[in-house]
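Undergrad: Provided below are the primary sequence and the corresponding predicted coordinates.
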Amino acid sequence: PPTSTCRRHRVVGDQRDQHAAPHAPIVVTPEDDLAPLRRRSQRRLTAVDDLPAPAPFTGVSAVCSATDPTGGRCLTPATRHAHDEIIRAFGPPGPGAPIRTAGCWDEHAWNPTSDHPQGRACDYFPAAAGTHPQGQEHQNGWRLATWLRTHAAALKVEYLIWQGRIWSPDTPDIDGGWGRAYTGGGIYDADDATGGHYDHIHVSIRT
């Protein structure tokens with residue numbers, strides 16, 4: 001499996017508008033000030049209406065008892081359901097696909113409290129692991145993150161991490177961005193492509 005400067009992952013596949021008045025003076029905005037504007041623009045421009053809505057999970061999901069199709073030990077039934085619905089909407093992972101690679105169960109020995117060894121989390125890479133997605137691959141990542149957020153209730157999403165931000169249904173967006181800043185929790189390097197979740201969307205599912 002591919003590696004990054006952060007950790008090794010088990011994977012499957014190949015790796016509010018303001019309008020200026022006429023003749024308004026041009027204002028050069030510092031680069032740091034553009035980041036919140038770009039995040040708002042990204043959220044506004046990422047459409048998922050063309051994608052199928054997932055079937056809601058209605059079963060019992062208490063233990064890691066379902067098969068992990070990405071090659072791991074097991075998944076909870078709700079996590080397996082979420083993964084299957086993601087694949088139904090975006091297609092199987094592979095070269096040129098919206099999701100290049102995917103990995104769910106993992107031992108995560110460096111972080112045993114992670115949701116991965118509990119079978120409650122999956123990672124989806126729109127580009128090669130350890131890189132920052134660009135162009136269409138970056139847009140593919142936002143499409144998946146937005147689709148998961150849109151259908152969080154049906155899929156029992158507990159939280160999402162993507163592009164240095166973390167979002168959950170229980171917390172509002174802050175700092176003008178998507179969710180709030182992700183710090184790595186003292187375990188991951190939030191500036192690293194993988195540690196900061198710039199190269200993949202992490203989704204954790206409720207029990």
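TA: Alright, I've got the coordinates. Numbering: from 1, shown residues only.
Undergrad: From here on, just use CA atoms for contacts and neighbour counts.
TA: Noted.
Undergrad: in the chain, which spans are strands?
TA: Assigned strands in the chain, in chain order: 12-13, 101-103, 121-125, 157-162, 165-167, 180-181, 201-205 (criterion: DSSP state E).
Undergrad: For residue 180, see how far away the closest residue to residue 188 other than its chain neighbours is.
TA: Spatially, and ignoring its direct neighbours in sequence, residue 188 is nearest to residue 195 (4.9 Å; CA to CA, 6 or more residues apart in numbering). In this structure, residue 195 and residue 180 are separated by 16 Å, where distance is defined by CA to CA, to the nearest Å.
Undergrad: Name the residue in those two with the higher neighbour count.
TA: Ranked by neighbour count (other CA atoms under 10 Å), residue 195 and residue 180 place residue 195 first, with 22 against 18.
Undergrad: Hmm, the more buried one is touching residue 184, no?
TA: Yes - at 6.8 Å, residue 195 counts as touching residue 184 under the criterion of CA atoms under 8 Å.
Undergrad: ok, how many other residues are close to residue 84?
TA: As a measure of burial, residue 84 has 16 neighbours, counting by other CA under 10 Å.
Undergrad: that older thread, find residues that contact each of residue 195 and residue 184.
TA: Counting by CA atoms under 8 Å, 6 or more residues apart in numbering, residue 195 and residue 184 have no contacts in common.
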